[in-house]
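J.: Mind folding the following:
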Amino acid sequence: MKKFIRNNSLSLVFLLLFIVAIVAQAFTGMQVYNEEMAEEGGVQVNFLQYIFTGNFIEATFENWESEFLQMGLFVWLSMFLYQKGSSESKDPDESEEVEREPDPNREGVPAPVKHGGWQLAIYKHSLSYALFFFFLLSFLAHWYGSLKDYNQEQVIKGKPVESAMQYLSNPKLWSESFENWQSEFLSVFAIVVLSIFLRQKNSPQSKPVDAPNSETGS
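T.: As a prediction, this is how the structure comes out:
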């Protein structure tokens, strides 16, 4: 068990942080939601009911959407775009280990590499495929939650509701997306550029402390 925790400590800590954060988000979000419902004459909810409201679904998945979009684009664009000196980029002047063709005879290779063919063709790009797939699912959930929350507000105000296709052109939906997308794009820009000049000892996301600023890759 100790070895398992040590070997998986990074993912386990972030999973724990995620659970704590989403529970805290739901609890505090429920309080804000119920205050708004009390002011507007809507129905207040308990914790379990709140996590099925459009308010919670929209707030949760608009963030997931931007995270998966950021990671998917970063993985995909870093295949052929470069930033000289960044630990987050391949070296534009040298070939990298990650660019070599997979060897099916190598010990411990994943099953798709051994099988080859279409399985290998998909596996070669499976990380970006998965991230963009999760982005699409998150966007659809965001769309649903935002529509549900918007229509609930419309009903309380005695105004007409919108269909899913009508809401797709509503500025509210896209404002929620863009305000998250821009922050994710800025964070990627920051780590790509700052890793040229700054260091973090012992982190694989950083170059060695004594590496020249011009050195590219970690």
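
J.: Show the model's pLDDT score for the residue nearest the centre of the chain.
T.: Averaging the C-alpha coordinates of the chain gives a centre point, and the residue nearest to it by C-alpha atoms, centre = their mean is Glu67 (2.1 Å). The predicted local confidence for Glu67 comes out at a pLDDT of 97.

J.: Repeat that for Val109.
T.: In the prediction, the pLDDT value recorded for Val109 is 92.

J.: before we move on, back to that, list the residues that contact the residue nearest to the centre of the chain.
T.: Contact partners of Glu67, counting by C-beta atoms under 8 Å, 6 or more residues apart in numbering, are Glu184. Just so you know, the C-beta spots here come from the backbone N, C-alpha and C atoms, and that holds for glycine as well.

J.: helix or strand for it, which one?
T.: Taking DSSP states H and E as the definition, Glu67 sits inside helix 54-77.

J.: Dump that helix to PDB, restricted to CA.
T.: Extracted in PDB, the C-alpha atoms of helix 54-77 (Å, rounded to 0.1, in the frame of the first residue of the first chain):
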ATOM      1  CA  GLY A  54     -28.900  23.900 -14.000                       C
ATOM      2  CA  ASN A  55     -27.000  26.300 -11.800                       C
ATOM      3  CA  PHE A  56     -24.600  23.600 -10.500                       C
ATOM      4  CA  ILE A  57     -24.400  21.800 -13.800                       C
ATOM      5  CA  GLU A  58     -23.600  24.900 -15.700                       C
ATOM      6  CA  ALA A  59     -21.000  26.200 -13.200                       C
ATOM      7  CA  THR A  60     -19.300  22.800 -13.000                       C
ATOM      8  CA  PHE A  61     -19.100  21.900 -16.700                       C
ATOM      9  CA  GLU A  62     -18.200  25.300 -18.100                       C
ATOM     10  CA  ASN A  63     -15.000  25.000 -16.100                       C
ATOM     11  CA  TRP A  64     -14.300  21.400 -17.100                       C
ATOM     12  CA  GLU A  65     -15.000  22.400 -20.700                       C
ATOM     13  CA  SER A  66     -12.300  25.000 -20.700                       C
ATOM     14  CA  GLU A  67      -9.800  22.700 -18.900                       C
ATOM     15  CA  PHE A  68     -10.100  19.900 -21.400                       C
ATOM     16  CA  LEU A  69     -10.000  22.300 -24.300                       C
ATOM     17  CA  GLN A  70      -6.800  23.900 -23.000                       C
ATOM     18  CA  MET A  71      -5.100  20.500 -22.400                       C
ATOM     19  CA  GLY A  72      -6.300  19.100 -25.700                       C
ATOM     20  CA  LEU A  73      -5.100  22.100 -27.700                       C
ATOM     21  CA  PHE A  74      -1.800  22.200 -25.800                       C
ATOM     22  CA  VAL A  75      -1.100  18.500 -26.500                       C
ATOM     23  CA  TRP A  76      -2.100  18.800 -30.200                       C
ATOM     24  CA  LEU A  77      -0.300  22.100 -30.900                       C
END
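
J.: With that, I have no additional questions.
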